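Asker: for reference, the sequence and a predicted model appear below.
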Amino acid sequence: MRNSSWIATVSLWLLAFPPIARAQSTLGGLQDAGNAAGFGREPQKLAPLIGQIVNAVLALSGLILVVLFVWGGILYLTAQGDVERVKKAKGALVNAVIGIVIVVSAFTIVSFFLPQLVFLSGS
């Protein structure tokens, strides 16, 4: 059972983040490698970088919460009237809904304050 959950987790990561697996198409030497690593160009501003990180974290947490919501629904459907299993399923659904509310609220707050931060920093 442990191997199957590990395989499912790895598969989810590979499906959720396909850009990680993409390979370089050219072999151009040290100059191309340096450019790909970010050397030789202007440094990135801090505020947009923070925004990208926050958006990635919020998207990942939203994906996890949707999976938790589906899992709670499956638990509820397969409870077959067992009171303990129904209670466990309802708990998972309530936790998923609370998590989704928190993630949406965080996204709303970040969407409001991040442009203000960019404006104030002059990025």
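Answerer: Received the coordinates, thanks.
Asker: does residue 88 touch residue 75 like I think?
Answerer: Yes - look at residue 88 against residue 75 with C-beta atoms under 8 Å: they come within range, at 6.2 Å. From N, CA and C alone the C-beta is placed, and that goes for glycine too.
Asker: using the centroid of the protein, identify the residue furthest from it.
Answerer: Farthest-out residue of the chain from its mean C-alpha position, per C-alpha atoms, centre = their mean: residue 81, at 34.3 Å.
Asker: phi and psi next, for it.
Answerer: Dihedral pair for residue 81: phi 80, psi 0, per degrees, to the nearest 10.
Asker: and the gap between it and residue 94?
Answerer: 20 Å (C-beta to C-beta, to the nearest Å).
Asker: likewise for residue 59?
Answerer: Using C-beta to C-beta, one gets 23 Å for the distance from residue 59 to residue 94.
Asker: do residue 100 as well
Answerer: Relative to residue 94, and taking C-beta to C-beta, residue 100 is found at 11 Å.
Asker: count of residues packed around residue 89?
Answerer: Residues near residue 89, counting by other C-beta atoms under 10 Å, number 20.
Asker: what pLDDT does it get?
Answerer: At residue 89, the pLDDT value in this model is 93.
Asker: quickly find the element holding the residue most central in space within the chain.
Answerer: Most central in the chain under C-alpha atoms, centre = their mean is residue 60, positioned 1.1 Å from the mean C-alpha point. Using DSSP states H and E, residue 60 sits within helix 46-77.
Asker: after that helix comes which helix or strand?
Answerer: helix 83-121.
Asker: so which bits of that next one are buried?
Answerer: 89, 92, 93, 96, 99, 100, 103, 107, 110, 114, 118 (16 or more other C-beta atoms under 10 Å).
Asker: thank you, goodbye.
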